[in-house]
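Peer 1: I'll drop the sequence and a predicted model, then ask my questions.
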Amino acid sequence: MHARFCNIEYDREMAIVAETREKGKKRIIGISSFVIEPDSRRCEFSVIVHDDYQGQGLAAKLVDIIIGIADEKGLEEFYGYIEPTNRKMVNLTAKLGMIQKEVSYDLIEMTLRLK
């Protein structure tokens, strides 16, 4: 899994890493990524922020950056799946203009049309 994250196929995937320095050492505090579907029209995104850095706008910044990259690549749709109990992420994606669709009782698909 580590090798896969380190060897990104940039034609199909993108990852952005947020890091900070603590006591002279770099520390990864957030990652946002997407994978383009084989039809090259849509991509599925993911984002994770360390607990110590949540609520500070980092997830919003990371997602905003990869939305811009997806748009530059000419993709038509940007989507991801969220648990409905993750209200912060549901609210964040809604603020970014994503449309919410309930997939099941424990999963929401958030979609943003780019074109």
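Peer 2: Done, it's in.

Peer 1: need the strands for this protein, in chain order.
Peer 2: Assigned by DSSP state E, the chain shows strands spanning 13-22, 25-36, 42-49, 77-82, 99-104, 107-113.

Peer 1: Adding distance to Lys61, mean neighbour count and mean pLDDT, write the ones you listed out as CSV.
Peer 2: In this view, the C-beta of every residue, glycine as well, is placed from N, C-alpha and C. Formatted as CSV, the strands of the chain follow (distance: least, Cβ to Cβ, whole Å; neighbours: other Cβ atoms under 10 Å; pLDDT from 0 to 100):
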stretch, distance to Lys61, mean neighbour count, mean pLDDT
strand 13-22, 8, 14, 93
strand 25-36, 9, 17, 95
strand 42-49, 10, 19, 96
strand 77-82, 16, 19, 97
strand 99-104, 21, 11, 95
strand 107-113, 16, 16, 97
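
Peer 1: export the ones you listed to a markdown table and tack on distance to Ile65?
Peer 2: Below are the strands of the chain laid out as a markdown table (distance: least, Cβ to Cβ, whole Å):
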| stretch | distance to Ile65 |
| --- | --- |
| strand 13-22 | 5 |
| strand 25-36 | 7 |
| strand 42-49 | 10 |
| strand 77-82 | 12 |
| strand 99-104 | 21 |
| strand 107-113 | 14 |
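
Peer 1: List the buried residues for the longest helix seen in the chain?
Peer 2: As assigned by DSSP state H, the longest helix anywhere in the chain is helix 58-72. Across helix 58-72, burial judged by 16 or more other Cβ atoms under 10 Å covers Leu58, Ala59, Leu62, Val63, Ile66, Ile67, Ile69, Ala70.

Peer 1: Would you format these as JSON lines with pLDDT included?
Peer 2: Putting the buried residues of helix 58-72 into JSON lines (pLDDT from 0 to 100) gives the following:
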{"residue": "Leu58", "pLDDT": "96"}
{"residue": "Ala59", "pLDDT": "96"}
{"residue": "Leu62", "pLDDT": "97"}
{"residue": "Val63", "pLDDT": "96"}
{"residue": "Ile66", "pLDDT": "96"}
{"residue": "Ile67", "pLDDT": "96"}
{"residue": "Ile69", "pLDDT": "95"}
{"residue": "Ala70", "pLDDT": "96"}
